[in-house]
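Chemist: Below: sequence and its predicted model.
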There are 2 protein chains.
Amino acid sequence: MFSKACEYGIKASTYIALQSLQDRRVSLNEIAKEIGSPTAFTAKILHQLAKNHILDSTKGPAGGFQIPEARIDTIKLSDIVFAIDGDSIYESCGLGLDKCNANKPCPVHNKFVVIRDELKQMLQNTSLFELAAGLEVGRTYLKR
Amino acid sequence: MFSKACEYGIKASTYIALQSLQDRRVSLNEIAKEIGSPTAFTAKILHQLAKNHILDSTKGPAGGFQIPEARIDTIKLSDIVFAIDGDSIYESCGLGLDKCNANKPCPVHNKFVVIRDELKQMLQNTSLFELAAGLEVGRTYLKR
DNA sequence: ATTATTTATGATAATTTTGTCCGAATTAAG
DNA sequence: CTTAATTCGGACAAAATTATCATAAATAAT
């Protein structure tokens, strides 16, 4: 469904959000360890998310990644997915046709728009706060 | 969403179904041309589908691929997807966790099962006949 | 100022997916 | 029986994705 990069991006963002709620700034190493991802690869993804203003990064000692508390609730899964995978999930044809739309649909177009729209809604309606909250109370997990 | 292999598999199967409804057996070359796919790569996918008894292939002059008319209605999209991509679409975790289930869910697990189940239903409810019918009346397209 | 710590960046490597090539096997037709 | 048409199968190649490594840049603390 999502690329590895996107999976790591979501997991990292969720972990950073959880720590940011306690006003903790977290380092790349801590993040990679906690979400079980390759460190250097994760660095690039975090950088990508920082460039897209989804999280904020600072260099130097006591640096690391954080999300301003006020925005944890407003950042949606869709923002993260878009920053990493672009709009391909929403826009691209289920059968890979270049031009596929209601006017000139591929054989599965009409069936796909339904699913895709629900996915879109779900991503747009799910905030980082919601995901972090599940982690905090131990109902959900980022590893294993 | 699907792999390229799977996209080609679905398009090829749909085209073969359409021709099979007119009792025409079609060659690899014709298929690749009609669905706009790389010929040799398509051959492997068709072979895979033949091994899984989704279509039937014969070598030699006037050989090619065909689907017994009686089965065009019973073959579902889910069968094709499963033959090529396996059950990863239905089973794998949205965030790539090895073990992710209702007992030990990832942060997006509960939201994902809903979408995934709808996708599953859709694939299981969509027959090759239905897809071929749309093609036949010119309502849907396999290229562009 | 120097040092230690941390992210940023570019080069490179490994892996997976996608795609190509070519000869073998099969079969229908002459 | 020979030939031509076709799928089958394996080796190979190219491209995309994922992952690693080394070094630069920034910054806080001393």
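Modeler: Received the coordinates, thanks.
Chemist: from what I can see A:L123 touches A:V81, true?
Modeler: Yes: assessed by Cβ atoms under 8 Å, A:L123 is found in contact with A:V81 at 5.9 Å. Quick note: C-beta positions are derived from backbone N, CA and C, even for glycine.
Chemist: Of those two, which one has the most company?
Modeler: More neighbours surround A:V81 than the other of A:L123 and A:V81, with 24 against 21 (other Cβ atoms under 10 Å in any protein chain shown).
Chemist: Can you spell out which helices and strands pack onto the strand or helix carrying that one?
Modeler: In the assignment (DSSP states H and E), A:V81 maps to helix A:77-85. Using 3 or more Cβ pairs under 8 Å, 6 or more residues apart in numbering or on different chains; DSSP states H and E as the contact test, the elements touching helix A:77-85 are helix A:4-21, helix A:39-51, helix A:109-125, helix A:128-136.
Chemist: Check those helices for me and report the most buried one.
Modeler: Among the helices and strands packed on helix A:77-85, ranked by average contacts under mean count of other Cβ atoms under 10 Å in any protein chain shown, first place goes to helix A:4-21 (a mean of 24).
Chemist: Do any residues in the helix or strand of chain A with the lowest mean pLDDT lie close to DNA strand D?
Modeler: Sorting the helices and strands of chain A by mean pLDDT, DSSP states H and E puts helix A:88-91 at the bottom, at a mean of 88. No: contact of helix A:88-91 with DNA strand D (Cβ under 7 Å from any atom of the strand) is absent, the minimum separation being 8.8 Å.
Chemist: got it, and stretch A:55-75?
Modeler: Yes: against DNA strand D, stretch A:55-75 shows contacts by Cβ under 7 Å from any atom of the strand at A:58-63.
Chemist: Buried residues in that stretch, which are they?
Modeler: Neighbour-count burial for stretch A:55-75, counted by 16 or more other Cβ atoms under 10 Å in any protein chain shown, picks out A:55-57, A:64-67, A:71-72, A:75.
Chemist: ok, back up a step: could the helices and strands packed on helix A:77-85 be laid out in CSV, adding distance to B:E30?
Modeler: Listed next are the helices and strands packed on helix A:77-85 as CSV, based on distance: least, Cβ to Cβ, whole Å:
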stretch, distance to B:E30
helix A:4-21, 37
helix A:39-51, 43
helix A:109-125, 24
helix A:128-136, 49
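Chemist: returning to what we had before: only the C-alpha atoms, please, for the helix holding A:V81, written as PDB.
Modeler: C-alpha atoms of helix A:77-85 as PDB (Å, rounded to 0.1, in the frame of the first residue of the first chain):
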ATOM      1  CA  LEU A  77      -1.900  11.100   8.100                       C
ATOM      2  CA  SER A  78      -2.700  12.500   4.700                       C
ATOM      3  CA  ASP A  79      -0.100  15.300   5.200                       C
ATOM      4  CA  ILE A  80       2.600  12.800   5.900                       C
ATOM      5  CA  VAL A  81       1.700  10.500   3.100                       C
ATOM      6  CA  PHE A  82       1.600  13.400   0.700                       C
ATOM      7  CA  ALA A  83       4.900  14.700   1.800                       C
ATOM      8  CA  ILE A  84       6.600  11.400   1.100                       C
ATOM      9  CA  ASP A  85       4.600   9.600  -1.600                       C
END
